[in-house]
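> Predicted model follows, preceded by the sequence.
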Amino acid sequence: QVQLVETGGGFVQPGGSLRLSCAASGFTFSRYDTSWYRQAPGKERVLVAIITTTDSRPGSTNYADSVKGRFTISRDNIKKTVYLQMDNLKPEDTAVYYCNARDRLYGINYWGEGTLVTVSS
């Protein structure tokens, strides 16, 4: 059974940090590009960060302009986990954060159920 389980969300004050984790199971994780999306209340789901896979090893990363320099995406193919380190959080980062895994060759997409991040004073 395919699963992506996000953890690490919560409440934090502006300027604080959180680290999200997404644990994968049920598929060959190392073959999939992985990314984090977020959806704020009343808005569409948007891409936050992506880390590709190349020859089953972590590849390149890319970030939305709004999080560049503050967020860092990484992955551990042995642990089958992708991370999102979020620093200097701002109220506009408040959203449900979703983990995504995508097979570039076949276009297969898997999604987690999301974890809520609330940034407020």
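Arrived safely, thanks for sending.
> Give me the neighbour count for residue 7.
Residues lying near residue 7 (other Cβ atoms under 10 Å) number 14. Yep, even glycine has a C-beta here, placed from its N, CA and C like the rest.
> likewise residue 120?
10.
> and the longest strand belonging to the chain, how far out from the chain's middle?
Assignment by DSSP state E gives strand 45-54 as the longest strand of the chain. In terms of Cα atoms, centre = their mean, to the nearest Å, the centre of strand 45-54 is found 7 Å from the chain centre.
> what angle sits between the lowest-mean-pLDDT helix or strand in the chain and strand 45-54?
When each helix and strand of the chain is scored by mean pLDDT, DSSP states H and E, strand 57-63 comes last, with a mean of 88. Between the axis of strand 57-63 and that of strand 45-54 there is an angle of 150 degrees, by axes from the mean of the first three to the mean of the last three Cα atoms, to 10 degrees.
> Strand 57-63 pairs with which strands, and in what direction?
If you go by DSSP bridges, strand 57-63 pairs up with strand 45-54 (antiparallel).
> quick one, strands of this protein?
3-7, 10-12, 18-25, 33-39, 45-54, 57-63, 71-76, 81-86, 95-102, 109-111, 115-119.
> Grab the most central residue of the protein for me.
Centroid check for the chain by Cα atoms, centre = their mean gives residue 36 as the closest residue, at 2.6 Å.
> gap between it and residue 118?
From residue 36 across to residue 118, the span is 16 Å (Cβ to Cβ, to the nearest Å).
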